[in-house]
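> Dropping the sequence and predicted coords here.
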Amino acid sequence: MKNLQEDIQNQDFKKVYLLYGEEKYLLQQYKSRLEKALVPEGDTMNFSAFQGKKTEPREVIDLAETMPFFADRRVIFLEDTGFFKNQCQELPEYLAQLPEYLCMVFVEDQVDKRSRMYKAVKKYGRIVEFGQQDSGTLIKWILGILKREGKKITQRDMELFLQMTGTDMGNIENELEKLLSYTMGKEVISREDIQAVCSSQISNHIFDMLRAVTEKRQKKALDLYYDLLALKEPPMRILFLLARQFNMIWQVKELEKEGYDQARIAKRTGLQPFVVRNYSTYGRKYRAEELEAIVQECVDTEEKVKTGRITDILSVELLLIKFSS
């Protein structure tokens, strides 16, 4: 992202770009900034956009060979073409001989780094991957927004906010907008404000259910399970997420045994530091063998459901009862 930002600031552009990654909010932000920097306002003659997997490479090349009309540059944006997943014969070779006046920008949902297209863009242009941001980056971004609005928040309440919203920047922005409207006239955002207006992600219901299980609060765990069912969450997805949580507790426990501290565990696993701290707390309540057995039992339960030996709703209910007893 830093290199792309420098290209935009210096008005020194590559002939071809590939933007992709799971952080869609940042991707769309930089896509808009790049388009604005490349295309003068109102210039519809020298800007073209292709969308979708029916995009024809030959049509793209024919347009790219057309000189710009009273301008220095022709710009072509191509989005979700699938060229970086499926075989594309003509374009990889064409990228080696792009005309000086051309800038071609690919915006893709998924890419295969082994593809000829990916290797060609890497060789002749710039690839920018927009990955999920770590908690430090997210907190700085949120604090910047709060500062502009004259708001303050404690570290603990910031962690609660991120636990509820998840790490998707688009969702964080939406929840932050609700929170700022709700706290208009207040200087400090409180825990009560966050709980009053912010929507909790499904994964957070799972996390609450996990906490109830580890604390042996059986009724709470089952109530949360029934809440998830009421929200139309499939039992097998709940089972998958529960197994994943226990698997992460197991991983954190094993890494701690190897001498890793929480910061290094967060970097190794890709988890947020406060999540590692919570997993570490839960892990102290189990032996490593117990956690391994729980994960295996979740796998066995899925197999029983698939083979019709037990219904999906009952299978998860029985596991919750057993784990929280």
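Great, that's in hand. Numbering: from 1, shown residues only.
> In which helix or strand does the closest residue to Cys88 other than its chain neighbours reside?
Once flanking residues are discounted, Cys88 sits nearest to Met117: 5.5 Å by Cβ to Cβ, 6 or more residues apart in numbering. Every residue, glycine included, has its C-beta placed from N, CA and C. Met117 belongs to helix 116-124 when elements are defined using DSSP states H and E.
> Next one: the residue nearest to Cys88 relative to Ile76, how far apart?
Separation of Met117 from Ile76 (Cβ to Cβ, to the nearest Å): 15 Å.
> So between these two, which is more surrounded?
Ranked by neighbour count (other Cβ atoms under 10 Å), Met117 and Ile76 place Met117 first, with 25 against 18.
> and Val107, what helix or strand is that in?
Under the criterion of DSSP H and E, Val107 resides in strand 102-108.
> Identify all contacting residues around that strand.
Applying Cβ atoms under 8 Å, 6 or more residues apart in numbering, the contact partners of strand 102-108 are 13-20, 27, 31, 34-35, 38, 60, 64, 73-85, 95, 98, 117, 121, 125.
> Please indicate which of those are buried?
Buried residues within those, defined by neighbour count using 16 or more other Cβ atoms under 10 Å: 13-20, 27, 31, 34, 38, 60, 64, 73-79, 81-85, 95, 98, 117, 121, 125.
> Can you check the pLDDT for Tyr17?
If you check Tyr17, the pLDDT there is 97.
> would you say it is within a strand?
Yes - applying DSSP: H, G, I helix; E, B strand; the rest coil, one finds Tyr17 inside a strand.
> ok, now how distant is it from Ser315?
Noted for Tyr17: a distance of 48 Å to Ser315, by Cβ to Cβ.
> Run the angle between the strand holding Val107 and helix 116-124 for me.
130 degrees (axes from the mean of the first three to the mean of the last three Cα atoms, to 10 degrees).
> Rounded mean pLDDT for strand 102-108, please.
Here strand 102-108 scores 97 as its mean pLDDT.
> Tell me how far it lies from the chain's centre.
Taking Cα atoms, centre = their mean, to the nearest Å, one finds strand 102-108 lying 22 Å from the centre of the chain it belongs to.
> now stretch 48-65
Mean-position distance between stretch 48-65 and its chain equals 29 Å (Cα atoms, centre = their mean).
> Can you give me the end-to-end span of it?
In stretch 48-65, first residue to last residue: 13 Å (Cα to Cα, to the nearest Å).
> Start and end of stretch 39-56, how far apart?
One end of stretch 39-56 to the other measures 23 Å (Cα to Cα).
> next one: phi and psi at the nearest residue to Val107 once chain neighbours are set aside?
Excluding its sequence neighbours, the residue lying closest to Val107 (Cβ to Cβ, 6+ apart) is Glu79, at 4.4 Å. Backbone torsions of Glu79, given as degrees, to the nearest 10, read phi -120, psi 130.
> Please enumerate the helices of the stretch 201-325 of the chain.
Taking DSSP state H, counting those that start in this stretch, the helices of the stretch 201-325 of the chain run over residues 202-214, 218-230, 235-257, 262-269, 273-283, 288-306, 312-323.
> Please, which helix or strand holds Asp157?
Element membership for Asp157, per DSSP H and E: helix 155-165.
> can you list the residues that contact that helix?
With Cβ under 8 Å, 6+ apart as the criterion, helix 155-165 contacts 135, 138-139, 142-143, 153, 171-172, 175, 179, 189-191, 194-195, 198-201, 204, 207, 272, 274.
> Identify those among those residues that sit within helices.
Among those, DSSP state H puts 135, 138-139, 142-143, 171-172, 175, 179, 191, 194-195, 204, 207, 274 in helices.
> among those residues, which two are most distant?
Maximum pairwise distance among the ones in helices among the contacts of helix 155-165 (Cβ to Cβ): 23.7 Å, between Leu143 and Phe207.
> who has more neighbours, these two?
Neighbour count, other Cβ under 10 Å: between Leu143 and Phe207, Phe207 has more, with 19 against 14.
> so the more buried one touches Gln245, yeah?
Yes - in this structure, Phe207 is within contact of Gln245 by Cβ atoms under 8 Å, at 6.9 Å.
> and the helix holding Met117, which residues are buried?
So helix 116-124, judged by 16+ other Cβ under 10 Å, has buried residues Arg116, Met117, Tyr118, Ala120, Val121, Tyr124.
> Does that helix pack against any helices or strands, and if so which?
Using 3 or more Cβ pairs under 8 Å, 6 or more residues apart in numbering; DSSP states H and E, the elements in contact with helix 116-124 are strand 16-20, helix 90-94.
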